[in-house]
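Q: My questions are about this predicted structure, shown below with the sequence.
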Amino acid sequence: MFAIRSAVIPVLASFVFAGCTHLPPTQPVKPEMLGALQPVEVKVGITQPELYAAFVRSNAAAGGAAACGAVPGLGILLAAACGGAMGAVDASINATRAKAAEESVRPLKDELVEVNFDQLMRESVTQSLQSVPRMQLADVAVTKTVTTEAYEKTFKASTSNAVMFINLDYHLSSDFSTLEVSARGLIYARGAEARKAAKLPAALSATPSEPALALQNSSYRSTIIYTAKHPAASDDAAKNIDAWKADNARLLKVALLDGIAQSTALLAADLQSKHPVYAPATANVDTPTGMKANLVSQRNTGKLLRYPNGSLYFDAALANVAAAAPAAVAAPVAAPVVAPAPDSAVQAVVDTAAK
């Protein structure tokens with residue numbers, strides 16, 4: 001699966017699709033094709049039980065024996081075994097770093113105990129998809145089992161005309177400065193008429209060389225990333241944690257709920273878009289990922305970018321989002337209360353990207 005940023009933690013904790021290396025990560029769907037895919041069964045994949053923090057992964061083994069040879073005191077006879085040894089070292093270092101990240105993020109997890117991310121995301125996905133013309137939802141359900149095998153079983157057992165998989169991930173950056181919410185959406189034609197419209201064989205493939213959920217068989221693909229950096233973020237992770245925790249973690253809750261609302265609204269907008277596959281030469285906006293992107297819109301709540309590969313990236317202006325948010329932002333059963341404002345960039349993606 002494709003990630004649009006160079007990250008130490010994958011953008012999405014996701015299952016692996018065959019044949020993903022030669023296909024773009026996004027593919028718009030034409031309105032007439034979307035109509036042929038109805039009704040759609042929606043599976044929302046959220047493997048994590050709670051917020052987590054990214055950590056910088058060790059990859060010393062990639063250096064091989066050459067890197068080990070530069071270590072003072074390492075005999076040349078040990079160099080050949082360096083790669084395997086470094087692999088073990090990597091595992092140990094990563095385990096230590098993961099434990100440290102877990103311990104550091106724990107106070108923030110405790111502040112979010114009343115925020116039911118899975119339920120809020122399901123409700124927001126349902127509401128957003130229901131707003132898409134021609135979209136008919138047979139069912140929307142959260143699953144914690146996000147594997148190729150489980151998804152193929154769901155797909156083959158479905159009686160709907162199509163199945164949409166939406167994989168979600170939410171975490172804090174390794175320096176605890178930024179919250180990120182990521183969504184990866186794919187639609188696969190299942191019924192006979194839908195598969196005919198998608199120009200796929202009526203019978204599902206059962207060969208290992210082309211599994212049913214091979215990327216080339218998908219009718220729609222999207223990648224959406226939402227980020228919200230704390231207004232007072234610094235290079236000090238401990239200070240960033242304290243900043244997020246202040247005022248009962250109000251800004252963290254605002255960011256999380258806004259991330260839910262924005263990512264699902266952008267998904268609905270993207271389903272209606274006819275976005276071009278921008279040429280890299282047209283991308284002229286610098287981004288935190290180090291890549292260039294195209295500016296779709298910019299409002300006081302943040303700016304929306306589309307990368308040359310079609311992926312959407314929303315960079316929230318958290319201070320402005322928080323200023324417009326209600327005083328009480330955490331409700332375990334309510335729909336996201338930080339809904340996109342009328343002047344937000346969400347509507348702009350419908351108006352701009354659909355052109």
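A: Yep, it's here. Residues are numbered from 1 along each chain as shown.
Q: thinking V140 is in contact with S128, fair?
A: No: using C-beta atoms under 8 Å as the test, V140 is too far from S128 to be in contact (10.4 Å). Placement of C-beta: from N, CA and C, glycine included.
Q: With neighbour numbers in mind, choose between the two.
A: Here V140 and S128 are set side by side on neighbour count (other C-beta atoms under 10 Å), and the busier one is S128, at 22 against 19.
Q: That one touches T264, doesn't it?
A: Yes: S128 is within contact range of T264, at 4.0 Å (criterion: C-beta under 8 Å).
Q: Where does pLDDT dip in the stretch 151-300 of the chain?
A: 206, 208, 275-281 (pLDDT under 70).
Q: Helices along that one, start to end?
A: Assigned by DSSP state H, counting those that start in this stretch, the stretch 151-300 of the chain shows helices spanning 192-197, 237-271.
Q: Now do the nearest residue to M291 once chain neighbours are set aside against Q216, distance only.
A: With C-beta to C-beta, 6 or more residues apart in numbering as the measure, Y307 is the residue that lies nearest to M291, at 6.4 Å, once sequence neighbours are left out. Y307 sits 21 Å away from Q216, taking C-beta to C-beta, to the nearest Å as the criterion.
Q: Return the set of residues that bridge with the residue nearest to L312 when sequence neighbours are not counted.
A: In space, and not counting its chain neighbours, L312 is closest to I224: 4.7 Å by C-beta to C-beta, 6+ apart. For I224, the beta-bridge partners are A183, L312 (DSSP bridges).
Q: can you give me the helices for the stretch 1-150 of the chain?
A: For the stretch 1-150 of the chain, the helices defined by DSSP H, counting those that start in this stretch occupy 31-36, 64-69, 82-111, 117-130, 148-157.
Q: To A319, which of these lies closest?
A: Relative to A319, the nearest member of the helices of the stretch 1-150 of the chain by C-beta to C-beta is helix 82-111, separated by 18.8 Å.
Q: which helices and strands sit right next to that closest one?
A: Using 3 or more C-beta pairs under 8 Å, 6 or more residues apart in numbering; DSSP states H and E, the elements in contact with helix 82-111 are strand 52-53, helix 64-69, helix 237-271.
Q: Next, the contact list for N248, please.
A: E111 (C-beta atoms under 8 Å, 6 or more residues apart in numbering).
Q: Would you check how far apart it and A233 are?
A: Applying C-beta to C-beta to N248 and A233 gives a distance of 19 Å.
Q: again with A268
A: 30 Å.
Q: And these two? Which one has more around it.
A: Set A268 next to A233 and count neighbours by other C-beta under 10 Å: A268 wins out with 21 against 18.
Q: The more buried one: what's it in contact with?
A: Here A268 is in contact with 128-129, 131-132 (C-beta under 8 Å, 6+ apart).
Q: Which residue, neighbours along the chain excluded, lies closest to L23?
A: Sequence neighbours aside, L215 is the residue nearest to L23 in space, at 5.0 Å (criterion: C-beta to C-beta, 6+ apart).
Q: swap that for L305, please
A: A293 (3.9 Å).
Q: Just grab the bridge partners of that neighbour for me.
A: V285.
Q: That one: neighbour count?
A: Other residues close to A293 by other C-beta under 10 Å number 26.
Q: ok, it touching K303?
A: No: applying C-beta under 8 Å as the test, A293 and K303 come out as separate, 9.7 Å apart.
Q: returning to what we had before: now render the helices of the stretch 1-150 of the chain as TSV, adding distance to V56.
A: Output for these, formatted as TSV (distance: least, C-beta to C-beta, whole Å):
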stretch	distance to V56
helix 31-36	41
helix 64-69	17
helix 82-111	7
helix 117-130	25
helix 148-157	28
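Q: Name the stretch among these that sits most buried.
A: Of the helices of the stretch 1-150 of the chain, the one with the most neighbours on average (mean count of other C-beta atoms under 10 Å) is helix 117-130, at a mean of 20.
Q: List of residues touching it?
A: Outside helix 117-130, the residues that reach it (C-beta under 8 Å, 6+ apart) are 40, 42, 44, 46, 50-51, 135, 137, 140-142, 166, 168, 170, 256-257, 260-261, 264-265, 267-268, 271, 332-336.
Q: Mind giving me the ChimeraX select for those residues, buried ones only?
A: To isolate the buried members of the contacts of helix 117-130 in ChimeraX, using 16 or more other C-beta atoms under 10 Å:
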select :40,42,44,46,51,135,137,140,142,166,168,170,256,257,260,261,264,265,267,268,271,335,336
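Q: What residues sit buried inside stretch 307-319?
A: Buried residues in stretch 307-319 (16+ other C-beta under 10 Å): 307-318.
Q: I'd like those residues laid out as CSV, including pLDDT.
A: As requested, the buried residues of stretch 307-319 are exported to CSV (pLDDT from 0 to 100):
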residue, pLDDT
Y307, 89
P308, 85
N309, 86
G310, 88
S311, 91
L312, 94
Y313, 94
F314, 96
D315, 95
A316, 97
A317, 97
L318, 98
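Q: if we can go back for a sec, who touches the residue nearest to L305 in this structure?
A: So A293 contacts 283, 285, 287, 305-308, 313 (C-beta under 8 Å, 6+ apart).
Q: where's it relative to L271, distance?
A: Relative to L271, and taking C-beta to C-beta, A293 is found at 21 Å.
Q: cool, T178 as well?
A: 27 Å.
Q: Check D110 too.
A: D110 is 36 Å from L271, by C-beta to C-beta.
Q: With E123 instead?
A: From E123 to L271 the distance is 18 Å (C-beta to C-beta).
Q: can I assume L295 is in contact with G302?
A: No: under the criterion of C-beta under 8 Å, L295 makes no contact with G302, lying 11.6 Å away.
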